[in-house]
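[1] What follows is a predicted protein model with its sequence.
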Amino acid sequence: MAGIYIHIPFCFSRCGYCDFYKTTKLDKLEPFLVALKSEIKHYSLLFQEKITTLYFGGGTPSLLKSSHFDEIFSLLRDSYIFSENIEITIECNPDDLTKDYIDKLLESGFNRISIGIQSFHEKDLQEMGRRHSSAQALQAIKDAYSGGFRNIGMDLIYGLPWSNTAAFGENLEIVKTLPINHLSAYHLTFEEGTPFDRLLKRGVYREITDSESLNQYELLREFAAKEGFEHYEVSNFCKPGFRSRHNSSYWDGSPYIGFGPGSHSYYSSYRQWNKADLNLYLKSDREKIVEKEVLDISDRVNELIMLGLRTAGGVNLEAIEALDKQMYSKVVAASKKWLQAGNLYNENKFLKCNAKSWFVVDGIIKDLFV
Ligand code: SF4
């Protein structure tokens, strides 16, 4: 199993909470595509794994034309080995999803679509700086389904400073009526350098209280359980058989390669990433773009803990033992108090966090790090 991630670093406008690498300088799109193709070709000799997932994220991949995708797909198919049942996902903004565009995405080969809805409340959308309306969000999902997509995901954001649990519940009531198989629901975080962070520091926004956060998280969990969504990662829920295979490969340690500025790769025990700098990326000088980090044993153990505890699969204790017996003993000793308190449980040598405790999982992870 191996994945390819392609980062399309362009947006028509900036959302106030977002710290993904992106630019609104759309005149750089064509030069970017030239550099992207050069990078795809470059790694074809180095990355020979069979590709089981391909993911276009951003930024806003749905601002590309179908002809752009056709060129990229043709190059990818010439350069890499695609598995027969490859999952091919595109992140889309609702306002880009015309019926014609949906048809073209399917023709290009996409079989999974992830739509950035965030909320169905107009006030939320305006405050967050989203370009779409609630009506457009609903229409986009309806059209994606009637156009032929059968693997549809959407994102929601909760924990908004001006909102409340009841309003979040109204969003979930709408989700119930939609033909989606996957829901990613993220608690708002005030990321350094974003407009929202500046508003927080100026006292215009407040962080909601822990008990408000917990109420919204519990509401989300109850909703998911009642509606038949499996809670398979802290922020991710799906109908049976519809986990995001691409994101799951990040969490289970499969190799992947990222293309585009700011993208990350992981293979052969090292991490590599492109600097988040479009101008540098356009020069296609890999010596200057790429940064690399070889993971030592403790990095790999910590990664198993961090990724495993955030997923339903849990932490593979035997894998840690195989890496280093002393570190394994340390992890086992540190986990005792969490096991006794009922936050963690051990199932066939996999250390798992019960879903209720995912709300505080970051503290548990820190405590188990070697
Ligand atoms: S949330 Fe998406 S659309 Fe908004 S600025 Fe970030 S990448 Fe662009």
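    Looks like it arrived, so ask away.

[2] now check the longest strand belonging to the chain, is it near the ligand?
    Identified as the longest strand of the chain according to DSSP state E is strand 81-92. No: on the criterion Cβ under 6 Å from any ligand atom, strand 81-92 is out of touch with the ligand, staying 7.8 Å away. C-betas here are computed from N, CA, C, even on glycine.

[3] which other helices and strands contact the helix or strand following that strand?
    Next helix or strand after strand 81-92 toward the C-terminus (DSSP states H and E): helix 99-108. Packing partners of helix 99-108 (3 or more Cβ pairs under 8 Å, 6 or more residues apart in numbering; DSSP states H and E): helix 66-79, helix 134-147.

[4] does the following helix or strand past the last one come close to the ligand?
    The helix or strand immediately downstream of helix 134-147 is strand 152-158, counting by DSSP H and E. No: if you take Cβ under 6 Å from any ligand atom as the test, strand 152-158 misses the ligand, and the best it gets is 9.0 Å.

[5] Next: stretch 186-204.
    No: applying Cβ under 6 Å from any ligand atom, one finds stretch 186-204 separated from the ligand by no less than 9.4 Å.

[6] List the buried residues of that stretch.
    Under the neighbour-count criterion of 16 or more other Cβ atoms under 10 Å, stretch 186-204 has H187, L188, F190, T194, F196, D197, L199 buried.

[7] Quickly find the element holding the third one.
    Read it as F190. Secondary structure (DSSP H and E) places F190 outside all helices and strands.

[8] Quick check: the residue of the stretch 251-370 of the chain nearest the ligand.
    G262 (11.0 Å; Cβ to the nearest ligand atom).

[9] Checking that residue next. Helix, strand or coil?
    coil (DSSP: H, G, I helix; E, B strand; the rest coil).

[10] what number of residues lie near it?
    Counted with other Cβ atoms under 10 Å, residues neighbouring G262 total 19.

[11] what sits against L106?
    Neighbouring residues of L106 by Cβ atoms under 8 Å, 6 or more residues apart in numbering: G147, G148, F149.

[12] ignore the last one, K352
    Going by Cβ under 8 Å, 6+ apart, K352 touches L309, A312, G313, G314, V315, L344, Y345, N346.

[13] and those residues as TSV, adding neighbour count and distance to the ligand?
    Putting the contacts of K352 into TSV (neighbours: other Cβ atoms under 10 Å; distance: Cβ to the nearest ligand atom, whole Å) gives the following:
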residue	neighbour count	distance to the ligand
L309	25	27
A312	18	27
G313	17	28
G314	19	31
V315	26	31
L344	22	33
Y345	15	36
N346	14	38
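
[14] And K336, how close does it get to L45?
    Noted for K336: a distance of 48 Å to L45, by Cβ to Cβ, to the nearest Å.

[15] now the angle from the one helix or strand F168 maps to to strand 152-158?
    When elements are assigned from DSSP H and E, F168 belongs to helix 165-175. Put simply, helix 165-175 runs at 170 degrees to strand 152-158, going by axes from the mean of the first three to the mean of the last three Cα atoms, to 10 degrees.

[16] who touches helix 165-175?
    So helix 165-175 is contacted by 119-121, 124, 138, 154, 156, 158, 160, 183, 212, 215-216, 219-220, 223, 227 (Cβ under 8 Å, 6+ apart).

[17] cool, and stretch 47-60?
    Residues contacting stretch 47-60 (Cβ under 8 Å, 6+ apart): 1-12, 20-22, 76, 80-83, 85-93, 96, 245-246, 249, 255-257, 267.

[18] Please list the residues of the protein that sit near the ligand.
    Residues of the chain lying near the ligand (Cβ under 6 Å from any ligand atom): C11, R14, C15, C18, F20, K22, G58, G59, T60, N93, G116.

[19] Could you dump those residues into a markdown table and include neighbour count?
    Output for the residues of the chain next to the ligand, formatted as a markdown table (neighbours: other Cβ atoms under 10 Å):
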| residue | neighbour count |
| --- | --- |
| C11 | 19 |
| R14 | 14 |
| C15 | 22 |
| C18 | 16 |
| F20 | 16 |
| K22 | 21 |
| G58 | 24 |
| G59 | 23 |
| T60 | 24 |
| N93 | 23 |
| G116 | 25 |
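
[20] which one among those gets closest to I320?
    F20 (31.6 Å; Cβ to Cβ).

[21] That closest one: what secondary structure?
    Per three-state DSSP, the secondary structure class of F20 is coil.

[22] so what's it up against?
    F20 is in contact with G58, G59, G262, counting by Cβ under 8 Å, 6+ apart.

[23] Backbone dihedrals for Y55, please?
    With angles defined as degrees, to the nearest 10, Y55 sits at phi -140, psi 120.

[24] Isn't T24 up against F10?
    Yes: here T24 reaches F10: they are 7.3 Å apart, a contact under Cβ atoms under 8 Å.

[25] more neighbours, those two?
    Neighbours per residue, other Cβ under 10 Å: of T24 and F10, the larger number sits with F10, 20 against 11.

[26] so what's the residue nearest to that one when sequence neighbours are not counted scoring on pLDDT?
    Closest residue in space to F10, ignoring its immediate chain neighbours: G59 at 5.4 Å, by Cβ to Cβ, 6 or more residues apart in numbering. pLDDT for G59: 95.

[27] so how far is D70 from G59?
    To D70, G59 is 19 Å away according to Cβ to Cβ.

[28] Pull the contacting residues for N93.
    Listed by Cβ under 8 Å, 6+ apart, the contact partners of N93 are T60, S62, L63, I115, G116, R131, H132.
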